[in-house]
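Colleague: Let's see this in three dimensions:
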Amino acid sequence: MENIIVLMKRIQLFEFEDFSWFPFWLRTCMTNLIMVLHRMMGIGDVLADLIANILKKQGLSQIVDLGSGSGGAMPEVLKIVQKTPGLENVELVMTDLYPNPEVAKKYNQNGSDKISYLETPVDATKIADAPEGLKTMVNSFHHMPPAAARKILESCQQNGQPLLIYELAENKMSLLLWWVLLPISLLILMIMVLFMTPFVKPLTWQQLVFTYLIPIIPICYAWDGQASMPRIYAFKDIDVLLEGLHSDDYVWEKGHAKKKNGKKTGTYLMGLPNS
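Modeller: Numbering: from 1, shown residues only. Model (predicted):
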């Protein structure tokens, strides 16, 4: 794998959310903003359509989200999936390599919503240790370096587990242009945070204070948002990761996720056992 990384368009920049010392409350505030962006862009419906089709095709009734962190998009996506005839009883199990006890308690205290958060660590590169069901990675695959990304794909195929990877954006801008536009892009994102914050639910005092009085959240959100762009695996990078994995027993598919009107909204990589 080390020999082919140089063939990739993707580069490994840092994001604040990657660091273990990054405060949990600040991570949650940034996740809240991402959720607002998802609602504004209609990402929930796009993801729900992809997931519902896989669940029906594979005859599954459980979604296992990998790298759930502080919750992310999947709880809202589940509500949309459950509106699909025949999928009313679909359950969601959220997992993480470093599960947070507070988040787990939040989601596990209400059993009626069919959402749970596994309190024991789940390593996405060892998918056999995860619960059964459709594995999802939403806006998290780009955090994985190539060696780990390859292991995730290999593990899912070797264990015959269905996988859906979704990224909100597409890595198609040249790196030089990305650097040139970076100052303007950061400023735009920081301004966006000021307008998005009132739509955060629940709106906490930390979200307000560290947005409008001490602008830590806008700065961190803007950098992570921009740093994620060149970290996303472009379609050609995906081809590199999939080298040698194609078989008759397991089918890989990549493409643009689309709204019902045909508008492209992010990209996906899907791996399904061929039954």
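Colleague: what number of residues lie near M35?
Modeller: When neighbours are counted by other CB atoms under 10 Å, M35 registers 21. In this view, the C-beta of every residue, glycine as well, is placed from N, C-alpha and C.
Colleague: any chance you could read off phi and psi for the closest residue to it other than its chain neighbours?
Modeller: Using CB to CB, 6 or more residues apart in numbering and skipping residues adjacent in sequence, the residue nearest M35 is A73, 6.6 Å away. When read as degrees, to the nearest 10, the backbone of A73 gives phi -80, psi -20.
Colleague: who's in contact with A73?
Modeller: A73 is in contact with I34, M35, H38, I43, G44, L47, V138, N139, counting by CB atoms under 8 Å, 6 or more residues apart in numbering.
Colleague: How about the contacts made by the second one?
Modeller: Counting by CB under 8 Å, 6+ apart, M35 makes contact with G72, A73, E76, V200.
Colleague: Out of the residues you listed, the closest to Y107 would be?
Modeller: When the contacts of M35 are compared for distance to Y107 (CB to CB), G72 wins out at 11.3 Å.
Colleague: Mind pulling up the pLDDT for the closest one?
Modeller: pLDDT, G72: 81.
Colleague: and if you look at Q226?
Modeller: 95.
Colleague: so where do the strands sit in the chain?
Modeller: Secondary structure of the chain (DSSP state E): strands at 62-65, 91-94, 115-117, 134-138, 163-167, 250-258, 264-273.
Colleague: hey, C-alpha coordinates of the last one in PDB?
Modeller: Once side chains and other backbone atoms are set aside, the C-alpha atoms of strand 264-273 remain, and they are given as PDB (Å, rounded to 0.1, in the frame of the first residue of the first chain):
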ATOM      1  CA  LYS A 264     -25.600  15.500  -7.300                       C
ATOM      2  CA  THR A 265     -25.100  15.700  -3.500                       C
ATOM      3  CA  GLY A 266     -21.900  14.000  -2.300                       C
ATOM      4  CA  THR A 267     -20.300  10.700  -3.300                       C
ATOM      5  CA  TYR A 268     -20.700   7.100  -2.200                       C
ATOM      6  CA  LEU A 269     -18.900   3.800  -2.200                       C
ATOM      7  CA  MET A 270     -21.000   0.700  -1.800                       C
ATOM      8  CA  GLY A 271     -19.800  -2.800  -1.200                       C
ATOM      9  CA  LEU A 272     -22.400  -5.600  -1.200                       C
ATOM     10  CA  PRO A 273     -22.200  -9.400  -1.000                       C
END
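Colleague: And it, what's buried?
Modeller: Neighbour-count burial for strand 264-273 flags T265, G266, T267, Y268, L269, M270, G271, L272 (criterion: 16 or more other CB atoms under 10 Å).
Colleague: so the last one touches N53, yeah?
Modeller: No: L272 is beyond contact range of N53, at 10.3 Å (criterion: CB atoms under 8 Å).
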